[in-house]
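Engineer: 3D, please:
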Amino acid sequence: MTAEIFTEWFNNCFVLEVRRYMEDKGLEFKILLLIDTASGHPDLEHPNVKVVFLPPNKTSLIQPLDQGVISTFKSYYIQRTFEYIIDELEKDGTLSIFQAWKKFTIINCVKYAALALSKSKPSTLNACWRSIWSECVKTKYLISNINTDELHSIIITLSHQIGRGDFKKLAFEDIAELTTHEAPNEEQFIESISENLYDSTLVYSSDDEEVVPLLQVQF
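Structural biologist: Numbering: from 1, shown residues only. This next block holds a predicted model:
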């Protein structure tokens with residue numbers, strides 16, 4: 001996420017969609033937007049939207065999406081991608097996992113993301129507010145944690161069904177790491193892209209076998 005992308009989303013997506021929603025509900029267009037403190041989240045101003053940044057040292061404890069929503073979404077998404085790999089391997093037993101994965105497209109990604117979101121229960125979305133706005137959470141959700149053990153068990157079963165390489169050794173702690181790993185910040189993302197592009201453009205000189213970069217990546 002960059003400041004430019006976030007600002008464009010705020011002005012051209014968030015404000016428009018929320019205004020439409022409030023009009024449909026017959027409510028006044030007055031909105032409170034709570035967001036993380038991050039380099040990609042600049043100060044924003046709008047006459048009808050009050051933007052409040054969560055404290056940087058408290059975000060992981062109170063940010064609603066960190067209270068099980070993202071991990072649940074990731075779990076459903078991983079489940080479907082593992083099912084995709086199994087389907088491809090069953091269609092053509094000569095395929096390697098890498099070859100099957102190469103057939104995965106952006107369309108697959110969008111479809112599986114939509115499916116994962118649709119499977120997220122209202123109770124999960126409601127319970128995510130328990131740390132920052134407990135009054136809006138139903139009592140039974142306040143006293144119960146979002147349980148993903150059953151879903152992780154399904155993912156483990158699927159990975160063992162794939163049964164190749166590291167998939168057959170996948171354990172609960174591996175799934176937990178996959179579903180709770182934080183996205184890189186802007187600086188880490190740029191560094192990663194720079195390294196990948198640089199590595200992918202190295203060639204060996206036929207004369208002295210010296211590694212020679214074909215281009216230099218600059219940001």
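Engineer: so where do the helices sit in the chain?
Structural biologist: 3-9, 15-24, 59-62, 69-91, 97-102, 106-119, 122-127, 139-142, 149-162, 172-180, 186-200 (DSSP state H).
Engineer: out of those helices, nearest to Pro42?
Structural biologist: helix 3-9 (4.4 Å; CB to CB). Every residue, glycine included, has its C-beta placed from N, CA and C.
Engineer: mind listing what's buried in the closest one?
Structural biologist: Phe6 (16 or more other CB atoms under 10 Å).
Engineer: which residues touch it?
Structural biologist: Helix 3-9 is contacted by residues 39-42, 44 when judged by CB atoms under 8 Å, 6 or more residues apart in numbering.
Engineer: out of those, which is nearest to Phe104?
Structural biologist: So of the contacts of helix 3-9, ranked by how close each gets to Phe104 (CB to CB), first place is Gly40, at 26.8 Å.
Engineer: and stretch 158-177, C-alpha only, in PDB?
Structural biologist: In PDB, the C-alpha atoms belonging to stretch 158-177 read as follows (Å, rounded to 0.1, in the frame of the first residue of the first chain):
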ATOM      1  CA  LEU A 158      -5.600 -31.200   2.100                       C
ATOM      2  CA  SER A 159      -1.800 -30.600   2.300                       C
ATOM      3  CA  HIS A 160      -1.200 -34.300   3.100                       C
ATOM      4  CA  GLN A 161      -3.500 -35.300   0.300                       C
ATOM      5  CA  ILE A 162      -1.200 -33.300  -2.100                       C
ATOM      6  CA  GLY A 163       1.500 -35.400  -0.400                       C
ATOM      7  CA  ARG A 164       4.600 -33.900  -2.100                       C
ATOM      8  CA  GLY A 165       7.500 -32.000  -0.800                       C
ATOM      9  CA  ASP A 166       6.800 -29.800   2.200                       C
ATOM     10  CA  PHE A 167       3.100 -30.200   1.800                       C
ATOM     11  CA  LYS A 168       3.200 -33.600   3.400                       C
ATOM     12  CA  LYS A 169       5.000 -32.200   6.400                       C
ATOM     13  CA  LEU A 170       2.700 -29.200   7.000                       C
ATOM     14  CA  ALA A 171       1.700 -28.800  10.600                       C
ATOM     15  CA  PHE A 172      -0.700 -26.600  12.600                       C
ATOM     16  CA  GLU A 173       2.100 -24.100  13.500                       C
ATOM     17  CA  ASP A 174       2.800 -23.600   9.800                       C
ATOM     18  CA  ILE A 175      -0.800 -22.800   9.000                       C
ATOM     19  CA  ALA A 176      -0.900 -20.400  12.000                       C
ATOM     20  CA  GLU A 177       2.200 -18.600  10.600                       C
END
